[in-house]
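Participant: structure for this input, please:
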Amino acid sequence: MSLIAEVDRHYRLGVEEMDQVHREFADLVNALEQADKPAFAAGFGRLLAHTEAHFAAEEARMAASAFPATAEHRADHQRVLGDLHRFARQVARGRTAMARAYLREQIPAWFSLHSATMDSALAAHLKATRSRDAEA
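Facilitator: Residues are numbered from 1 along each chain as shown. Reported below is the predicted structural model:
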């Protein structure tokens, strides 16, 4: 069983760079589900680094396209990054239980809601911006 299932079917936004990053994010989260302690620690580090790059790229797209809901979207990113950083410190000390629980109990629901609301709004904005730019 995967923590985040069917990314292509449920989370496809129609902006390939966003869709690809979402697939990678889901793969990283799902790989951690059954990982032993050493693999979990390494994988959690990869997830954190990927998420930092993922959010930075989205925020760059928001800035470049003058996305009107940037502040709200960025605030949600910062909240999740704060959680991931706190758990990364615990994982680095060999304490993985809380990080595992967070990934299992919080991340799938957060990802679903964030993708369906904030990311879909950004994707729609980017598609409309690209369409306007193509017509100009």
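
Participant: now do the contacts for the residue nearest to residue 92 when sequence neighbours are not counted.
Facilitator: Using CB to CB, 6 or more residues apart in numbering and skipping residues adjacent in sequence, the residue nearest residue 92 is residue 41, 7.2 Å away. Using the backbone N, CA and C atoms, a C-beta is placed for each residue, glycine as well. Residues near residue 41 by CB atoms under 8 Å, 6 or more residues apart in numbering: 91, 92, 94, 96.

Participant: kindly report the same for residue 21.
Facilitator: 54, 57.

Participant: tell me which element it falls in.
Facilitator: In this structure, residue 21 is located in helix 16-32 according to DSSP states H and E.

Participant: quick check: next helix or strand after that helix?
Facilitator: Remark: after helix 16-32, the chain's next helix or strand is helix 37-65, criterion DSSP H and E.

Participant: returning to what we had before: in the helix holding residue 21, what counts as buried?
Facilitator: Judged by neighbour count (16 or more other CB atoms under 10 Å), helix 16-32 contains these buried residues: 18, 19, 21, 22, 24, 25, 26, 28, 29, 30, 31, 32.
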